[in-house]
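# Sequence and computational prediction follow.
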There are 4 protein chains.
Amino acid sequence: MKKKKPNKLKILNDPIYGFIQIPNSLIFDIIEHPYFQRLRRITQMGFSNLVYPGANHTRFHHAVGCMHLMQKAIRVLRFKQVEISKDEETALCIAILLHDIGHGAFSHALEHSIVSEISHEEISLKFMKKLNKEFKGKLSLAIEIFEGKNSRKFLCQLISSQLDIDRLDYLKRDSFYTGVTEGNISSDRLIAMMNVKNDELVIEHKGIYSVEKFLIARRLMYWQVYLHKTGLVAENILVNILKRAKELAEKGVELYASSSLKYFLYNPISSENFTLETLEMFSKLDDYDVLSAIKEWVNHDDKVLSLLAKMIVDRKLLRVEIQQGIFNESYIQKKKEKAIKKLGIELDEVNYFVFHQEISNQAYNLKTPIYILNKKGKLKDIAKASDQLNLQALTLPVIKHFICYPK
Amino acid sequence: MKKKKPNKLKILNDPIYGFIQIPNSLIFDIIEHPYFQRLRRITQMGFSNLVYPGANHTRFHHAVGCMHLMQKAIRVLRFKQVEISKDEETALCIAILLHDIGHGAFSHALEHSIVSEISHEEISLKFMKKLNKEFKGKLSLAIEIFEGKNSRKFLCQLISSQLDIDRLDYLKRDSFYTGVTEGNISSDRLIAMMNVKNDELVIEHKGIYSVEKFLIARRLMYWQVYLHKTGLVAENILVNILKRAKELAEKGVELYASSSLKYFLYNPISSENFTLETLEMFSKLDDYDVLSAIKEWVNHDDKVLSLLAKMIVDRKLLRVEIQQGIFNESYIQKKKEKAIKKLGIELDEVNYFVFHQEISNQAYNLKTPIYILNKKGKLKDIAKASDQLNLQALTLPVIKHFICYPK
Amino acid sequence: MKKKKPNKLKILNDPIYGFIQIPNSLIFDIIEHPYFQRLRRITQMGFSNLVYPGANHTRFHHAVGCMHLMQKAIRVLRFKQVEISKDEETALCIAILLHDIGHGAFSHALEHSIVSEISHEEISLKFMKKLNKEFKGKLSLAIEIFEGKNSRKFLCQLISSQLDIDRLDYLKRDSFYTGVTEGNISSDRLIAMMNVKNDELVIEHKGIYSVEKFLIARRLMYWQVYLHKTGLVAENILVNILKRAKELAEKGVELYASSSLKYFLYNPISSENFTLETLEMFSKLDDYDVLSAIKEWVNHDDKVLSLLAKMIVDRKLLRVEIQQGIFNESYIQKKKEKAIKKLGIELDEVNYFVFHQEISNQAYNLKTPIYILNKKGKLKDIAKASDQLNLQALTLPVIKHFICYPK
Amino acid sequence: MKKKKPNKLKILNDPIYGFIQIPNSLIFDIIEHPYFQRLRRITQMGFSNLVYPGANHTRFHHAVGCMHLMQKAIRVLRFKQVEISKDEETALCIAILLHDIGHGAFSHALEHSIVSEISHEEISLKFMKKLNKEFKGKLSLAIEIFEGKNSRKFLCQLISSQLDIDRLDYLKRDSFYTGVTEGNISSDRLIAMMNVKNDELVIEHKGIYSVEKFLIARRLMYWQVYLHKTGLVAENILVNILKRAKELAEKGVELYASSSLKYFLYNPISSENFTLETLEMFSKLDDYDVLSAIKEWVNHDDKVLSLLAKMIVDRKLLRVEIQQGIFNESYIQKKKEKAIKKLGIELDEVNYFVFHQEISNQAYNLKTPIYILNKKGKLKDIAKASDQLNLQALTLPVIKHFICYPK
């Protein structure tokens, strides 16, 4: 690690928060690390920009935004006499900064195609451990908090809970960049209402309507943005492209790809064989590898690969229908037959073009409640504290079904 | 009416919408009329500025903002092939512009004190009819729509319904000026989702989450802003001041007051005897008459009047408690006894300083539903169209109780 | 002073800054003082709301906003190793909070009519000294800084200079509420660029373009907003109303007015005889006294007073022309003759209705420069530091002339 | 061209303007064309996101935003009785939509490296002509306007002049996404002030301060953002990477690259041999080709290429110094010697790592003035119309020099 000059860049512009300050040089060095810089090349919202053209913000920016909100939260809690040591402060900032560092290119698509059975959280942890070595143990406390193992429960809840700093930034940021102003939440106010009681992160009583609003805004963002049908179809095409490529790779077919993408296409990667080398390769893989390969695959000999790739590149996507109930088997069958004829593909290839799936979202989870601190100092689950709004109803997952097929 | 030059001021700046255009010279002349100019001197939110110092916007600005949104709504509906004639357009703009013209100084406080049994809607209608004479019948259609008597139901619903233009502006405006960003609604999107089906104003299916968000935001604004306890206590003190003043006036006690305020203090005014002269006097009465009188009454001989007046002027209000259930009779009694002793007042005066009341808000009213137009062209009450959120629960009024007493 | 509970209201909502925190209980008590609460009833921009209907913000809000920015500035300077003691911090906050407390109703109009030869700064100082007694000397340091007598020059410059906190708030706030977005300045960035060199408040080199932008924005606000012709005519009519009222009062004519307004109308008030009693009376006088009196004067027997009053109340103002050069004497004469005939007034009354005046604005004043700290640690006047933009030109006052007369 | 369903997506969300409407199906089809969709993969600001992490917006979004502002401008002008036919309206929208379609990956970097002597404007024109064929001549009028050949001069000026729609969008958009709020301009107001006089696009007199503000904001954006030193160094490294790659390609060295990037690396491309095939290849080339190749080149055998590539990928850039005057030859020499030693490179390779350059910006160009329409209907160059601000001074280009070398 090279020595840090005291005056190096410590302020970043943020269209949402104004200025973001980097609190100390350890955190500065982590941000400068290539592992973290890679997040500049991974968009936060994948292909949502095909629907919302403003949604090109990156995981880098989100992570840095989280760090900013974390500093605010710490300031608020300290003001309310919650003791948080200097070391805990740094650990919280690092933990939130790195909580998403294991995200792959185009976020979730990779997990469902070329890497199997390994979540981005696991990979985040691998990155943190590797960094901890490089930084000589200075990340240990951050890791403990990230893993939820710290004895002060609220520290862990700031990193991961139903009202964690992650959500406070991403809902605000995604709503800002998509222009879906209705998803906007008042992170400021929610943070101002935070407190700690019995080591539990809680919201003060007068913040109750803000929490309601937050849950409803999140629900809206899910159905209107994250699960927007055009985004869904694009993401699923991407998964299918990568699956097909992996299938071809397994057969030894040659594919244009960067060396890191090749590594993941031509090798079976799972939890078990995810070595430090794999991690290093993973750290080279970002949206640019994936999308530039897809662009080239438009001209690949394999018809399936080429057709799918062209859909993404030219934004001529499959048609998508969405409904409450499951799709009729005969309806699906008919769509498949039509697709086979129209595209001139084989029967065993049709599932790449006609597919259906369930999507669901649970607005509120009873198991890890958001606690409201009432005026007498008692904690109450928001689902019960709310005077009327049937938040209980929000605990049931909403399930919908969609089907995609060629236009 | 003096002839209008074509180039007279036709654009107003609005911090929320940017520029507001005045569509034609009839509307320009109505805006210039003293009846309408009076709205410049009536704040939209009464004493809420004692809690939210930014909330000094006027009914004038709100009315003009409504007119702006109405023009947007008309453009959207016409784009969707809903026919709206030039005359209907003008009538809609006038109706929304004048819908609140009957509001008294400090809004609702007057209705509960010096004027009895006459609502601001009735007075708005009186103003419109008077203006209609002055403008030679050009307001007739606007009045018909305002009264809900036009055969095209949606025209009336744009003026008054659970999703009318009035609400779309005031929620946005009040949230903007108070700084309670969580109350912010996307008027733009709600308007973009409007349509007409069977002469009924409806929201298209994909606007369903926006309607949910709108209802929750409105609910939040009620409990966090409109029914904020400090605002409540200030408004109730104001009502008590005016009641006391009227009481004194009836006894012939002299009171400093403008001529129009005197008119309402020294005469019994109700629906029955509300003549054109009364209307003219009402048109002179605004926040400035009321607050300047109160400032002077700080030094009045009547102790009750003077004590109450001082509370408002120096913002040293009564203490207020708020709770779900009703307050215990003996608790109230104790507060009264203490107040009598502390303030040195008589038993029959204590109710001016110790009082309790019920407040309630109904987030959604089933009787005049917000209709969602589903993909098959059918209408569904939002309470049933929403996939999960128990909007039904929102139809029950939430009731709370508060008590005020001297600190 | 009543004892303060630790948890009393310490946060205010601000549409511009989000939340404003009140740093300590001394400052809390000053804000609660009736002298300061009075600022809630004085608009920041006088009659500008006749042009910009959103401009109803008060001096109260501006003062509180300044306190917020001051805290930011202190944080920035401390971060850059400028030592500022706890006492100095409090003093700076108090000084900026009270810097405008001497403003009269409708701001500057009073100074030019019923009070002679006494500026609002002098009155501010009187208020501070009175408060200092009540608060047992705790305001002494604040007063020293306000008077520009503190040996650490930059402390005084934060309160009063060409780039003081006052300007940083009012330009931002006025631009926000008027909706004239072009006047918006980046207070945040300007503050972030502040530093102290040789006890002088300076701006770091990379803030040079921000300072330029600030000067141009201020210039724009002057000509487009503060000196907007409609605002000018309204303010001058107000001055004339008050002058006329004072004239009538001197003759013993009876005038409807609150006791504090009466005090200033019926007594000659100047620097010499401005006693503590005068101060107390002044502390009761606000926009409500003035405007409610004017409303009543619409029906006064004195034709001049009544005509002028009606203009303000109904917003039927005089016509105004504005130009670079001085108005021709014969042109003015013609307007006067017409006015006499049209209004049926006497020759010696015409000056109330036909008047002309010079207005001027100096965008930048060389005498108290804004210093830029260059990379080598040297100070340079912005007028010379700017690479090209001829800021020197901005030092010459721009002068215009206007004339008002009846339509 | 496939037939358009009437209800296809016609509205886009924009974080800046709210909703953007696509006016008709011809324009819809142009937007859907792969040539235009490619702009989704080209960032507006190149490597500025290395300084301003929010600056990831694309040329696609900018072009669509321009179309939105163009519709506003047309509405304003028509309101002022300027006749603009339906065909001209469509042509203006198309011309502004396509004005930047010839931009290469990472904007200007390409023009200075692998493509020689051909500007993006020329390529834009080639694209338009190609599209005109596909759309059967429907773009002819748009092309005429784009080329500045239409007889109605103001139509051309809306597309290209010192106050064209392009600038009105990009300044606003870039300031928004970078978070440099000071660059924000009031496009709305500038458009509201537009008019046409003698076929010349002009700004009405009362918009004079807005124009001043616009010029100053633009100047600020140049020096603070577009010519920010970190962005400069990144862009220059990119140029050097591409130059080096081309050099290697010419020698026959193998390089990982997409087929379209290969095409431009392995073939000499200039104005003369820019065929339709070249255009087709160009239409496949975007940021993803370039950045993914660079990522791979980190491991290339060529030391120069590999070192430079790593700088970009890990954001470990060269050091940069910037100053008014030219850099001393001996200073440069010293830097070169140090670099050779430090990096272990050859003398003829050092210019890739140590280089100096002149940058300049001219805030206002007298040759194609912005005209102000004064009250008497006369046109005046803004440089002379401004009452005081020495805009003349802004016509001189500001020149600075920078040098880059290894840290």
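Now that the structure is in, tell me what you want to look at.
# In terms of pLDDT, where does the closest residue to A:W223 other than its chain neighbours sit?
In space, and not counting its chain neighbours, A:W223 is closest to B:Y209: 5.7 Å by C-beta to C-beta, 6 or more residues apart in numbering or on different chains. Any C-beta I mention is one placed from the backbone N, CA and C, and that applies to glycine too. pLDDT for B:Y209: 84.
# Next, B:Y209: phi, psi?
Dihedral angles of B:Y209 (phi, psi; degrees, to the nearest 10) stand at phi -70, psi -30.
# neighbours around it, how many?
24 (other C-beta atoms under 10 Å in any protein chain shown).
# for A:E111, same thing?
Neighbourhood size, A:E111 [other C-beta under 10 Å]: 18.
# Quick check: phi and psi at it.
When read as degrees, to the nearest 10, the backbone of A:E111 gives phi -60, psi -30.
# Please tell me I have it right and it contacts A:E122.
No - A:E111 is beyond contact range of A:E122, at 10.2 Å (criterion: C-beta atoms under 8 Å).
# Would you point out which residue of the stretch 251-400 of chain A is nearest chain D?
With C-beta to the nearest C-beta as the measure, A:S292 is the residue of the stretch 251-400 of chain A nearest to chain D, at 3.7 Å.
# Mind pulling up the pLDDT for A:K4?
Listed pLDDT for A:K4 reads 38.
# Give me every residue in chain A lying close to chain C.
A:11, A:18-19, A:188-189, A:192 (C-beta under 8 Å from any C-beta of the partner chain).
# Pick out the most distant pair among these.
Farthest-apart pair in the residues of chain A next to chain C is A:I11 and A:R189; separation 24.6 Å (C-beta to C-beta).
# out of those two, which sits in the busier spot?
Higher neighbour count among A:I11 and A:R189: A:R189, with 23 against 12, using other C-beta under 10 Å.
# What values do phi and psi take at the more buried one?
Torsion angles, degrees, to the nearest 10, at A:R189: phi -70, psi -40.
# need the contact list for it.
Counting by C-beta atoms under 8 Å, 6 or more residues apart in numbering or on different chains, A:R189 touches A:207, A:210, B:181-182, C:19.
# Could you check how many residues crowd around the residue of the stretch 251-400 of chain A closest to chain D?
Burial of A:S292 is recorded as 28 neighbouring residues (other C-beta under 10 Å).
# And it, how close does it get to A:E329?
From A:S292 over to A:E329 the distance is 39 Å, taken as C-beta to C-beta, to the nearest Å.
# could you dump the residues of chain A next to chain C to a markdown table with secondary structure, pLDDT and distance to C:D348?
Below are the residues of chain A next to chain C laid out as a markdown table (DSSP: H, G, I helix; E, B strand; the rest coil; pLDDT from 0 to 100; distance: C-beta to C-beta, whole Å):
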| residue | secondary structure | pLDDT | distance to C:D348 |
| --- | --- | --- | --- |
| A:I11 | strand | 84 | 64 |
| A:G18 | strand | 88 | 58 |
| A:F19 | strand | 88 | 61 |
| A:D188 | helix | 89 | 60 |
| A:R189 | helix | 89 | 61 |
| A:A192 | helix | 91 | 62 |
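# related to what we said a few turns ago, quick one: the residue nearest to A:W223 from B:Q362, how far?
In this view, B:Y209 and B:Q362 are 21 Å apart by C-beta to C-beta.
# just A:L131 next, same as before
54 Å.
# go on, A:D166?
Distance from A:D166 to B:Q362, by C-beta to C-beta: 36 Å.
# isn't A:E147 right up against A:L125?
Yes - using C-beta under 8 Å, A:E147 makes contact with A:L125 at a distance of 7.0 Å.
# What is the burial count for the residue in the stretch 251-400 of chain A positioned nearest to chain C?
Residue nearest to chain C within the stretch 251-400 of chain A: A:K375 (11.6 Å; C-beta to the nearest C-beta). A:K375: 11 surrounding residues under other C-beta under 10 Å.
# sec struct for it, please.
What DSSP: H, G, I helix; E, B strand; the rest coil gives for A:K375 is coil.
# Who are the contact partners of the closest residue to it other than its chain neighbours?
Spatial nearest neighbour of A:K375, excluding adjacent residues (C-beta to C-beta, 6+ apart): A:H205 at 5.6 Å. Listed by C-beta under 8 Å, 6+ apart, the contact set of A:H205 reads A:372-375, A:385.
# Now restrict the residues you listed to buried residues only.
Neighbour-count burial (16 or more other C-beta atoms under 10 Å in any protein chain shown) applied to the contacts of A:H205 gives A:372-373, A:385.
# Which of the residues you listed scores worst on pLDDT?
Out of the buried ones among the contacts of A:H205, that is A:A385, at 80.
# Not counting sequence-adjacent ones, nearest residue to that one?
Leaving aside its sequence neighbours, A:A385 sits nearest to A:I372 (C-beta to C-beta, 6+ apart; 4.0 Å).
# That neighbour and A:I203, how far apart?
Using C-beta to C-beta, A:I372 is found at 6 Å from A:I203.
# shared neighbours of these two, which are they?
If you check A:I372 and A:I203 against C-beta under 8 Å, 6+ apart, the residues they both contact are A:211, A:382.
# Contact residues of chain A facing chain B?
A:181-182, A:184-186, A:189, A:206, A:209-210, A:212-213, A:216-217, A:219-220, A:223-224, A:324, A:363, A:387-390, A:392-394, A:396, A:398, A:400.
# Got a quick PyMOL command for the buried subset of these?
The buried subset of the residues of chain A next to chain B, as determined by 16+ other C-beta under 10 Å, is captured in PyMOL by this line:
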select buried, chain A and resi 181+182+184+185+186+189+206+209+210+212+213+216+217+219+220+223+224+363+388+389+390+393+394+398+400
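# Below-threshold pLDDT in the stretch 251-400 of chain A: ranges please.
A:387-390 (pLDDT under 70).
# hmm, try it at 80
Within the stretch 251-400 of chain A, the ranges that satisfy pLDDT under 80 run A:386-394.
# Show me which residues of it sit near chain D.
With the criterion set to C-beta under 8 Å from any C-beta, the stretch 251-400 of chain A comes near chain D through A:256, A:258-259, A:284, A:286-289, A:291-293, A:295-296, A:299, A:313-316.
# Having no further points to raise, I will conclude here.
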